[in-house]
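J.: return a 3D structure for these sequence lines:
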Amino acid sequence: MSHAENVTPAAGRRGFARAWGAHGNERLTAAAGLALVVLLAVEAWTTLSLHRFLPLHMFLGFVLLPPVALKLASTGWRFARYYTRDPTYRLLGPPRLPMRVLAAPLVLSTVVLFGSGVALVVAGHGGGWLVRVHATSFAVWGVLVLVHTVVYLRRAVRRGTADWRPRPERIVPGMQARRRVLAGAIVAGIVVALATYPAQQAFHSHGHDRLQPAGRR
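T.: Below you'll find the predicted structure:
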């Protein structure tokens, strides 16, 4: 009988729990966060001159959708497991109290920011309340994500790179799977951006000033 045939369902469940349990989730969340730091830094940089970089701004916005969704899903899963008293997640402890207070506004502003951005392109016209919502949510989100990054960057570098090092200090099962999930999210973002490129071009062709609220034109 082969080794694979000796693996019981219970052993399989334990292996899955180790791969996608608290420590695996922590590494995936941190790695996704590091990828987002890079992509979001470029996206924020494009806002310094939207007249020049609007096409790149829109393209990157769509690329970001799956990685952002992955980060929200992984952090949401930890939140759910912690507050349903899963022992392994409880051992890691809760986030710092100030970060727990900021969590809901950060998630809400993220959803509003990306949702309004997609809505602007899908609706096919700029100006009006959608632009104001997008600009306001960006201002709020920018402050919150900056605080979040400053607090967690050191930990994210340490935990987020663990699965990608040639010789990690500690092996957590599921390393290859977590790599594929993150890489898949980025590839999915590129596919989404390419699929929506005609809509992005149509939006851009109507003029740069459409992203400015009517009162500021």
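
J.: rest of the way, CA atoms for contacts and neighbours
T.: OK.

J.: how about low-confidence regions in the chain?
T.: Counting by pLDDT under 70, the chain has low-confidence residues at 1-19, 125-127, 206-217.

J.: spatially central residue in it, please.
T.: The centre of the chain sits closest to residue 68, judged by Cα atoms, centre = their mean, with a distance of 2.2 Å.

J.: which residue packs closest to it, ignoring adjacent ones?
T.: Excluding its sequence neighbours, the residue lying closest to residue 68 (Cα to Cα, 6 or more residues apart in numbering) is residue 36, at 7.3 Å.

J.: so which bits of the helix or strand hosting that neighbour are buried?
T.: Assessed by DSSP states H and E, residue 36 sits inside helix 22-46. Under the neighbour-count criterion of 16 or more other Cα atoms under 10 Å, helix 22-46 has 22-37, 39-40, 43, 46 buried.

J.: tally of neighbours for residue 109?
T.: Under the neighbour criterion other Cα atoms under 10 Å, residue 109 is assigned a count of 22.

J.: that one is in what secondary structure piece?
T.: Per DSSP H and E: helix 97-123 holds residue 109.

J.: buried stuff in the following helix or strand past that helix?
T.: For helix 97-123, the following helix or strand on the C-terminal side (DSSP H and E) is helix 128-160. Neighbour counts using 16+ other Cα under 10 Å place 130-135, 137-138, 141-142, 144-145, 153, 156, 159-160 of helix 128-160 among the buried residues.

J.: closest one of those residues to residue 192?
T.: Checking these against residue 192 by Cα to Cα gives residue 134 as the nearest, at 20.1 Å.

J.: contacting residues for the closest one?
T.: Neighbouring residues of residue 134 by Cα atoms under 8 Å, 6 or more residues apart in numbering: 112-114, 116-117.

J.: now it: how far from residue 42?
T.: Taking Cα to Cα, to the nearest Å as the measure, residue 134 falls 18 Å from residue 42.

J.: what of residue 152?
T.: Residue 152 is 19 Å from residue 42, by Cα to Cα.

J.: cool, and residue 57?
T.: 9 Å.

J.: now do residue 58
T.: Separation of residue 58 from residue 42 (Cα to Cα) stands at 12 Å.

J.: then residue 111?
T.: For residue 111, the distance to residue 42 equals 19 Å [Cα to Cα].

J.: kindly report the same for residue 116.
T.: As judged by Cα to Cα, residue 116 and residue 42 stand 19 Å apart.

J.: ok, residue 117 next?
T.: For residue 117 relative to residue 42 (Cα to Cα), the value is 16 Å.

J.: what does residue 97 give?
T.: Counting by Cα to Cα - residue 97 and residue 42 are separated by 30 Å.

J.: list the buried residues of the host helix or strand of residue 187.
T.: Element membership for residue 187, per DSSP H and E: helix 175-195. Neighbour counts over helix 175-195 (16+ other Cα under 10 Å) mark 175, 178-179, 182, 185-186, 188-190, 192-193 as buried.
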